[in-house]
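A.B. asks: just a sequence and a predicted model for now, questions to come.
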Amino acid sequence: MLAQQYTGYKNANLIYDYNLGFSRAKPAPVGTGLIVPNGWKLNIEGSCSNCRSIDIVWQGPTNGQITLQLEKKRPDEISFWQHYLVVKPGVYAVTVTASGLVETTSFTVLQPTQEYEIELLDQAGNPQTNMGYKIRLRNGHVVSGVLDSKGYAHVSDP
C-alpha cells in the first residue's frame with residue numbers, strides 16, 4: 001500500500017530499495033519508520049544584491065512557498081542563494097521575489113524512462129525472428145512485444 005501511495009506503483013520493492021534490511025521475506029515490524037520516495041529534488045539558485053530575503057513560490061504537480069533569510073551584506077555585495085524543490089513530472093511555474101523585483105519562469109519535468117534492447121540469437125549466432133517476449137520491470141509493469149526480423153527489439157517504458 002505504501003508503494004502505491006507514494007510511487008503510484010504496487011511494487012513493494014520500490015519501498016524496500018530505500019530501506020535496506022527489509023524485504024517481502026523480512027518485512028518491517030509494525031510502527032517502524034520507513035524512507036519512501038516522494039519525487040525528485042530540483043536545485044534552483046540565484047543571486048541578488050542589497051536584499052535580506054528571497055520569496056520562492058512554485059506551482060505545478062507539487063506546490064509550495066518558502067522565504068529564505070540571507071545574511072546582511074554591504075549594498076555593493078552579492079548574496080547567493082539556493083533551494084531544492086521536490087518535483088514530480090509535469091509543468092511548473094516558479095516565481096522568485098527579492099527586494100520588490102519579481103522573476104518568473106516555467107519548465108517541464110519529464111517522466112524518466114528506461115530503455116532496453118533485446119537481441120535473441122541461437123547457439124550458432126543466428127537471429128530468432130518474430131519471437132514473443134515479456135519483460136517484467138521492477139515497478140511491476142509488464143512490457144510485451146515481438147522481436148523483429150533481426151531478432152531485435154528496443155523497448156522504452158516510464
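C.D. replies: That came through, no problem.

A.B. asks: residues making contact with stretch 104-121?
C.D. replies: Under the criterion C-beta atoms under 8 Å, 6 or more residues apart in numbering, residues 40, 42, 60-61, 87-96, 127-128, 131, 133, 135, 137, 143, 147, 150-158 lie in contact with stretch 104-121. Every C-beta, even on glycine, is put in place using the N, C-alpha and C of the backbone.

A.B. asks: these in helices, which ones?
C.D. replies: For the contacts of stretch 104-121, not one is inside helices, with DSSP state H as the criterion.

A.B. asks: next, count neighbours for residue 58.
C.D. replies: A count of nearby residues for residue 58, using other C-beta atoms under 10 Å, gives 20.

A.B. asks: might one say that it is in contact with residue 65?
C.D. replies: Yes - judged on C-beta atoms under 8 Å, residue 58 makes contact with residue 65 at a distance of 7.4 Å.

A.B. asks: nearest residue to the most centrally placed residue in the chain other than its sequence neighbours?
C.D. replies: In the chain, the C-alpha nearest the mean C-alpha coordinate belongs to residue 40, at 3.8 Å (C-alpha atoms, centre = their mean). Closest residue to residue 40 in three dimensions, ignoring its sequence neighbours and counting by C-beta to C-beta, 6 or more residues apart in numbering: residue 87, at 5.5 Å.

A.B. asks: and if you look at residue 55?
C.D. replies: Counting by C-beta to C-beta, 6+ apart, residue 97 is the residue found nearest to residue 55 once chain neighbours are left out, at 4.3 Å.

A.B. asks: do the same with residue 155
C.D. replies: The spatially closest residue to residue 155, leaving aside those adjacent along the chain, is residue 116, at 4.5 Å (C-beta to C-beta, 6+ apart).

A.B. asks: how close does the closest residue to residue 101 other than its chain neighbours sit to residue 96?
C.D. replies: Residue nearest to residue 101 in three dimensions, not counting chain neighbours: residue 48, with 7.9 Å by C-beta to C-beta, 6+ apart. Using C-beta to C-beta, to the nearest Å, we find residue 48 at a distance of 9 Å from residue 96.

A.B. asks: many thanks, we can stop here.
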